[in-house]
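Chemist: sequence unknown, structure follows:
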């Protein structure tokens with residue numbers, strides 16, 4: 001990595017939110033380095049199994065320079081995990097890896113003249129954990145606490161740590177499902193999307209799923225805040241956690 005303002009280090013660049021953010025950053029003129037589980041030979045891709053502490057340390061040893069933005073978009077979102085090995089792997093991906101990466105690169109670049117923004121992606125699931133989502137929710141809750149600890153660790157340095165808590169996210173799979181249902185019941189896609197959200201959580205005050213573009217814009221807003229972004233929490237969750245969370 002080179003020490004330039006337009007460089008982004010992104011985890012999870014192959015699928016879901018990470019892939020979309022990668023495309024948005026590149027289209028906006030940023031240089032993006034992606035940590036992906038299995039590299040397909042793409043430009044600026046680094047193979048890294050975030051579920052392996054050894055692999056994370058190996059990749060950290062190869063990185064140099066100070067990126068302008070680090071976005072921890074990779075996630076193991078499996079529900080109903082029963083096996084202890086799988087549970088520990090999920091905790092490693094969702095909590096330990098982002099903490100170790102931010103702490104290591106933050107310590108390394110704390111005295112850099114250029115500021116680095118570390119964006120940790122949280123989840124509304126921490127507000128509504130149940131028997132199925134409990135283990136996953138616990139990993140994301142721990143992640144949020146450790147992100148706060150990192151903000152304290154880097155106070156007064158060139159590093160800023162912020163968290164964006166996401167609500168129900170618009171994905172290609174959801175897009176396809178909405179389209180199929182709309183065709184079947186002869187209603188508009190907007191109607192299906194609005195109805196699905198209202199039924200899923202009465203606390204929601206939005207009528208459509210959160211767009212990845214909004215996550216991108218929120219990240220840029222935090223970047224422009226500079227040092228003021230350290231310790232920030234943006235709830236891009238549509239009010240899913242209720243008014244007091």
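Modeler: Sure, I can see it. The shown structure was predicted, so the numbers you read here are calculated from the model rather than taken from an experiment. Numbering: from 1, shown residues only.

Chemist: Could I get the phi/psi values of the residue in the chain sticking out farthest from the centre?
Modeler: What lies farthest from the middle of the chain is residue 186; by Cα atoms, centre = their mean that is 35.2 Å. Main-chain torsions, residue 186, degrees, to the nearest 10: phi 60, psi 50.

Chemist: which stretch of helix or strand covers residue 14?
Modeler: Counting by DSSP states H and E, there is no helix or strand that carries residue 14.

Chemist: got it, and the one 3 residues further on?
Modeler: Counting by DSSP H and E, the element that carries residue 17 is helix 16-27.

Chemist: Now stretch 105-124: buried residues?
Modeler: For stretch 105-124, the neighbour count (16 or more other Cβ atoms under 10 Å) marks 105-106, 108-109, 115-124 as buried. Heads up, the C-betas are built off the backbone N, CA and C, glycines and all.

Chemist: Out of those residues, name the ones that lie in helices.
Modeler: In this view, the buried residues of stretch 105-124 that belong to helices under DSSP state H are 105-106, 108-109.

Chemist: Quickly list the domain ranges of this structure.
Modeler: With domains defined by automatic domain parsing, the chain comprises 7-169+210-236, 170-208.

Chemist: With residue 242 as the reference, name the closest of those.
Modeler: Taking Cβ to Cβ, domain 170-208 is the member of the domains of the chain nearest to residue 242, at 4.9 Å.

Chemist: returning to what we had before: mind putting the domains of the chain into CSV with distance to residue 242 and mean pLDDT?
Modeler: Output for those, formatted as CSV (distance: least, Cβ to Cβ, whole Å; pLDDT from 0 to 100):
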stretch, distance to residue 242, mean pLDDT
domain 7-169+210-236, 7, 92
domain 170-208, 5, 91
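
Chemist: most neighbours per residue, which of those?
Modeler: domain 7-169+210-236 (a mean of 18; mean count of other Cβ atoms under 10 Å).

Chemist: name the helices or strands packed onto the helix holding residue 17?
Modeler: strand 7-11, strand 31-36, helix 212-225 (3 or more Cβ pairs under 8 Å, 6 or more residues apart in numbering; DSSP states H and E).
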